[in-house]
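Asks: let me see the structure of the following:
(chains A and B)
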2 protein chains.
Amino acid sequence: MTDIALIEAAASRLAGHVRRTPFLNAPLLDRLSGRRIFVKAECLQVTGSFKARGGWSAVSALDPKARARGVIAYSSGNHAQGVAHAAASHGAPCVILMPSDAPQVKIANTRAYGAEVVLYDRAAENRDAIGARLSADRGLTLIKPYDDPQVIAGQGTVGLELADQAHEAGIADAPVFVPCGGGGLSSGIALALSARAPGLQVRTAEPAGFDDMARSLASGTRQKNPAPGGSICDAILTPTPGDLTLPILSRLAGPGAVVSDDQALRAMALAFTHLRIVLEPGGAAALAAVLFGEDLPDTVIAIATGGNVDPATFTAALDRFA
Amino acid sequence: MTDIALIEAAASRLAGHVRRTPFLNAPLLDRLSGRRIFVKAECLQVTGSFKARGGWSAVSALDPKARARGVIAYSSGNHAQGVAHAAASHGAPCVILMPSDAPQVKIANTRAYGAEVVLYDRAAENRDAIGARLSADRGLTLIKPYDDPQVIAGQGTVGLELADQAHEAGIADAPVFVPCGGGGLSSGIALALSARAPGLQVRTAEPAGFDDMARSLASGTRQKNPAPGGSICDAILTPTPGDLTLPILSRLAGPGAVVSDDQALRAMALAFTHLRIVLEPGGAAALAAVLFGEDLPDTVIAIATGGNVDPATFTAALDRFA
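Replies: Residues are numbered from 1 along each chain as shown, chains lettered A, B, ... in the order given. Model prediction:
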């Protein structure tokens, strides 16, 4: 199981390979929202998202013989790039299963990191069956996107940095909103903060229609989403909370927030204008939650998780909301 | 005169008020360009550009009585915001003279920082005369954009950080390309690097048609630009090198580079895709120089100076080049 010791061990393996991302704020954004907003900019992470952490953590923790045979992952794009980058850096073969409707920039970058990309039809094909066959044929080790203790530990290193950065900024108590798909990042950060900065509490942020985690936390039982796709927040459309992540978040997280696609796009436009960072829709979900949420305290923190976005989506956000 | 001691003193006054900006790189950008490119992202600075440093340095160095009467600056936008932010933080009144064709976002943000903005017609009105009258009437102290030892010292703090960051990245020798208007940032960085990292040499980057510094450095005599405007790189369109900055750069800088407007826009698009930062055209001039320049070494550094750009300009860059 992931705990603070596993997160600290992951931090040691990640040192020099991932970036300590900056903790940004902007007076004009604060004025606009009426609260103090701090943003940890994981879009500036290697590969453009926090997934570089979990990918590196998992690949570096593998038995060397298994690593030499290779790894496989399935992902709409950010986990793909994180695993592909880590595998290439370790000299390990890498196969990535991606839905054929993933953003082009994510598919192209995953290939550019040296991975073999296998596309599948999200609606018609069974990803797990394809992955199982490839794994068996080639002896590949599956790196799951969130239900893996070492992946959660890698994502948890965001929380270690955040604890220090919030302390430096004089913030002892604040909610920390985290874009949430399967819950790997949220649960990793929650574990790190509960050990290092217990006044900072994780709250998940999900797109409307994909709020399985918020409903699971509220009801106390695992909930599923009705549809497999349909939000612009491609990075965080998972069917149901992870087996490992839900118990962690049930214990440590506050209530989940839900944002609309338009709120995510508007957050992207405000991040462009006031923070000068590029966010993808799913990466802006937590920023949307702190910008447009109600009943929030004066000081709030959002994790901006990724910036791998097709130009057309980004310009559409600016055209409508900047 | 500005020297390393004045830069270090400025760094002490700036501590806690400006950000140590990240030193970014991206494997896919390196592959595309065929060299290792490192980018110091001053677009993530408070107020969206390095000008927050010079503004804070100058305002914080003023005699308190003079500061209480107020300050005045003229600027197309980034110096404006830097001075406005510093003045507001010090409780000092602030008047900013801006050309009426400055980007809307820069005018709006300067006002939002609390400054009184006075617009003038760049072609028909005499900025210096308007400024002199306002200064005399109200007892305001003029904060020049580059020809001021404390402004140069403030900008030089970029060089102090860069010396450390390059050392951490194992870079001892590399050219450091710096977008150049009047030369305040270039000369401040050159002074800091000559003291702290002499293997790193500043080279200026200017837009075609506004390469007064490159021509002045090459000829050994002060050169002027033929036109007052006409490049998209609004932040760095100055008529001629500064009186204080030219001697510093003549002594310490390498040959200047010149980039086209299209190269600056293309650099903005590549920074969007691979670095996930928002750059304005002038802020991308140095990145353009290292991406598209010839006869460069394997490892190059670019300062990305600012990210205050109107959405229409940014989306045009993405539409054409992303």
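
Asks: any idea how many residues pack against whatever residue of the stretch 51-200 of chain A ends up closest to chain B?
Replies: Nearest residue of the stretch 51-200 of chain A to chain B, counting by C-beta to the nearest C-beta: residue A:112, 5.1 Å away. Every residue, glycine included, has its C-beta placed from N, CA and C. Neighbours of residue A:112 under the rule other C-beta atoms under 10 Å in any protein chain shown: 17.

Asks: pretty sure it contacts residue B:28?
Replies: Yes - using C-beta atoms under 8 Å, residue A:112 is in contact with residue B:28, at 5.1 Å.

Asks: tell me the contacts of the residue of the stretch 51-200 of chain A closest to chain B?
Replies: Going by C-beta atoms under 8 Å, 6 or more residues apart in numbering or on different chains, residue A:112 touches B:28, B:31.

Asks: in what helix or strand does residue A:318 lie?
Replies: Secondary structure assignment for residue A:318, by DSSP states H and E: helix A:311-321.

Asks: list the buried residues in that helix.
Replies: Residues of helix A:311-321 classed as buried by neighbour count (16 or more other C-beta atoms under 10 Å in any protein chain shown): A:311, A:313, A:314, A:315, A:316, A:317, A:318, A:321.

Asks: show me what it is packed against.
Replies: helix A:261-270, helix B:311-321 (3 or more C-beta pairs under 8 Å, 6 or more residues apart in numbering or on different chains; DSSP states H and E).

Asks: how about residues contacting it?
Replies: So helix A:311-321 is in contact with A:103, A:232, A:262, A:265-266, A:268-270, A:272, A:278, A:280-281, B:269, B:272-273, B:311, B:314-315, B:318-319, B:322, going by C-beta under 8 Å, 6+ apart.

Asks: and if we set it to 6 Å?
Replies: A:265, A:266, A:268, A:269, B:311, B:315, B:318, B:322 (C-beta atoms under 6 Å, 6 or more residues apart in numbering or on different chains).

Asks: same thing with stretch A:283-302?
Replies: With contacts defined as C-beta under 6 Å, 6+ apart, stretch A:283-302 is touched by A:33, A:35-39, A:43, A:171, A:174-179, A:205, A:233, A:257, A:259, A:263-264, A:267-268, A:303-306.

Asks: so which of those also contact chain B?
Replies: Among these, proximity to chain B is found for residue A:43 (C-beta under 6 Å from any C-beta of the partner chain).

Asks: need the contacts of helix A:311-321 in JSON lines (columns: pLDDT and distance to residue B:69).
Replies: Below are those laid out as JSON lines (pLDDT from 0 to 100; distance: C-beta to C-beta, whole Å):
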{"residue": "A:265", "pLDDT": "98", "distance to residue B:69": "45"}
{"residue": "A:266", "pLDDT": "98", "distance to residue B:69": "41"}
{"residue": "A:268", "pLDDT": "98", "distance to residue B:69": "42"}
{"residue": "A:269", "pLDDT": "98", "distance to residue B:69": "39"}
{"residue": "B:311", "pLDDT": "96", "distance to residue B:69": "37"}
{"residue": "B:315", "pLDDT": "98", "distance to residue B:69": "42"}
{"residue": "B:318", "pLDDT": "98", "distance to residue B:69": "45"}
{"residue": "B:322", "pLDDT": "94", "distance to residue B:69": "48"}
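
Asks: which of these sits closest to residue B:73?
Replies: residue B:311 (25.5 Å; C-beta to C-beta).

Asks: contacts for the helix of greatest length in chain A, please.
Replies: As assigned by DSSP state H, the longest helix anywhere in chain A is helix A:149-168. Residues outside helix A:149-168 that contact it (C-beta under 6 Å, 6+ apart) are A:2, A:6-7, A:10-11, A:14, A:20, A:23, A:40, A:50, A:53-54, A:57-58, A:61, A:184-185, A:187-189, A:191-193, A:196-197, A:200.

Asks: any idea how far residue A:103 is from residue A:112?
Replies: To residue A:103, residue A:112 is 14 Å away according to C-beta to C-beta, to the nearest Å.

Asks: for residue A:151, same thing?
Replies: Relative to residue A:103, and taking C-beta to C-beta, residue A:151 is found at 22 Å.

Asks: so which of those two has more stuff around it?
Replies: Neighbours were counted for residue A:151 and for residue A:103 using other C-beta under 10 Å; residue A:151 has more, 35 against 21.

Asks: which residue is the nearest non-sequential neighbour of the closest residue to chain B within the stretch 151-300 of chain A?
Replies: Going by C-beta to the nearest C-beta, chain B is nearest to residue A:276 of the stretch 151-300 of chain A, at 3.3 Å. Spatial nearest neighbour of residue A:276, chain neighbours left out: residue B:307 (3.3 Å); criterion: C-beta to C-beta, 6 or more residues apart in numbering or on different chains.

Asks: how far away is that neighbour from residue B:234?
Replies: Distance from residue B:307 to residue B:234, by C-beta to C-beta: 13 Å.

Asks: between those two, which one's more packed in?
Replies: Legend: neighbour count by other C-beta under 10 Å for residue B:307 and residue B:234, higher for residue B:307 (29 against 24).

Asks: what's that one in contact with, if anything?
Replies: With C-beta under 6 Å, 6+ apart, residue B:307 has these contacts: A:276, B:43, B:48, B:278, B:279, B:280.

Asks: turn those residues into a markdown table, including neighbour count, secondary structure and distance to residue B:249.
Replies: Shown next, in a markdown table, are these (neighbours: other C-beta atoms under 10 Å in any protein chain shown; DSSP: H, G, I helix; E, B strand; the rest coil; distance: C-beta to C-beta, whole Å):
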| residue | neighbour count | secondary structure | distance to residue B:249 |
| --- | --- | --- | --- |
| A:276 | 27 | coil | 27 |
| B:43 | 28 | helix | 23 |
| B:48 | 31 | helix | 25 |
| B:278 | 26 | coil | 28 |
| B:279 | 34 | coil | 23 |
| B:280 | 34 | coil | 23 |
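
Asks: closest to residue B:108 out of these?
Replies: For the contacts of residue B:307, the nearest to residue B:108 is residue B:48 (12.1 Å; C-beta to C-beta).

Asks: tell me how far residue A:23 lies from residue B:19.
Replies: Here residue A:23 is placed at a distance of 9 Å from residue B:19 (C-beta to C-beta).

Asks: skipping adjacent residues, who's closest to residue A:116 in space?
Replies: Distance criterion C-beta to C-beta, 6+ apart; nearest residue to residue A:116, sequence neighbours excluded, is residue A:95 at 4.8 Å.

Asks: that neighbour: which element?
Replies: Using DSSP H and E, residue A:95 sits in strand A:94-99.

Asks: tell me the helix or strand right after that strand.
Replies: helix A:104-112.

Asks: what is the orientation angle of that following helix with helix A:311-321?
Replies: Note on geometry: by axes from the mean of the first three to the mean of the last three C-alpha atoms, to 10 degrees, helix A:104-112 and helix A:311-321 are set 150 degrees apart in direction.

Asks: so for helix A:104-112, what gets flagged as buried?
Replies: For helix A:104-112, a neighbour-count test (16+ other C-beta under 10 Å) marks A:105, A:106, A:107, A:109, A:110, A:111, A:112 as buried.

Asks: so the fourth one makes contact with residue A:81?
Replies: Think residue A:109. Yes - counting by C-beta atoms under 6 Å, residue A:109 does reach residue A:81; the two are 5.4 Å apart.

Asks: so what's residue A:243 up against?
Replies: Residues in contact with residue A:243 (C-beta under 6 Å, 6+ apart) are residue A:147.

Asks: mind checking the SS state of it?
Replies: Three-state call for residue A:243 (DSSP: H, G, I helix; E, B strand; the rest coil): coil.
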